[in-house]
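>>> Provided below for reference: sequence and predicted model.
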Amino acid sequence: MVLTPAELRAAAAEGEALLAAVAAEVGEEQVHGQYVTFLRDAPAPDAVERLAALVEPDRARLSVVGRAAHLTLLEGYQQTRMDNNRIEKVLGVRGTNRSLTVVRRLAADWT
């Protein structure tokens, strides 16, 4: 995936905001990870709705903003059914998944 520096910074900021909101809602100790799937193209709104309907609120939170799908896990990555393959399949868009830690680092080092 090719991202502009502005897109990378925005994805890092959006990920941080989602992480903070979920941590405030459920408690920081309940958050087990934050991932960003960078999508080749922006998904269709109906595909985003289908994906949102599959998210189990006791296991994860999901937000799709432009070409980035942000996934906050309330259980470990292995316990969630919402992995990169499923996100790609439901949205109908190829993507690549990175942890928010990696996204933060890329945004700091490359932008």
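Everything's here; your move.
>>> going forward, measure contacts between C-alpha atoms and count neighbours the same way
Will do.
>>> Now do the contacts for residue 39.
1, 67-69, 93-96 (CA atoms under 8 Å, 6 or more residues apart in numbering).
>>> Report the two of these separated the most.
Spatially, the most separated pair among the contacts of residue 39 is 1 and 69, at 13.5 Å (CA to CA).
>>> before we move on, back to that, pull out the buried members of the contacts of residue 39.
67-69, 93-95 (16 or more other CA atoms under 10 Å).
>>> With distance to residue 19 added, can I get these in TSV?
Converted to TSV, the buried ones among the contacts of residue 39 look like this (distance: CA to CA, whole Å):
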residue	distance to residue 19
67	18
68	14
69	13
93	24
94	24
95	21
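>>> Now intersect those residues with the strands, please.
By the criterion of DSSP state E, membership of those in strands covers 68-69, 95.
>>> re the thing from before, among the contacts of residue 39, which one lies nearest to residue 26?
For these, the nearest to residue 26 is residue 69 (20.3 Å; CA to CA).
>>> Report the beta-bridge partner residues of that closest one.
Residues in a beta bridge with residue 69, per DSSP bridges, are residue 37, residue 64.
>>> That one contacts residue 34, correct?
No - using CA atoms under 8 Å, residue 69 is not in contact with residue 34; the gap is 10.6 Å.
>>> Name the surrounding residues that touch the helix ranked longest in the chain.
Longest helix in the chain by number of residues (criterion: DSSP state H): helix 5-26. Applying CA under 8 Å, 6+ apart, the contact partners of helix 5-26 are 28-31, 34-36, 61, 63, 68, 70, 72, 100, 103-104, 106-107, 110-111.
>>> how many neighbours does residue 111 have?
12 (other CA atoms under 10 Å).
>>> Identify the residue spatially nearest to it, adjacent ones excluded.
residue 5 (5.1 Å; CA to CA, 6 or more residues apart in numbering).
>>> Nothing else from me, thank you.
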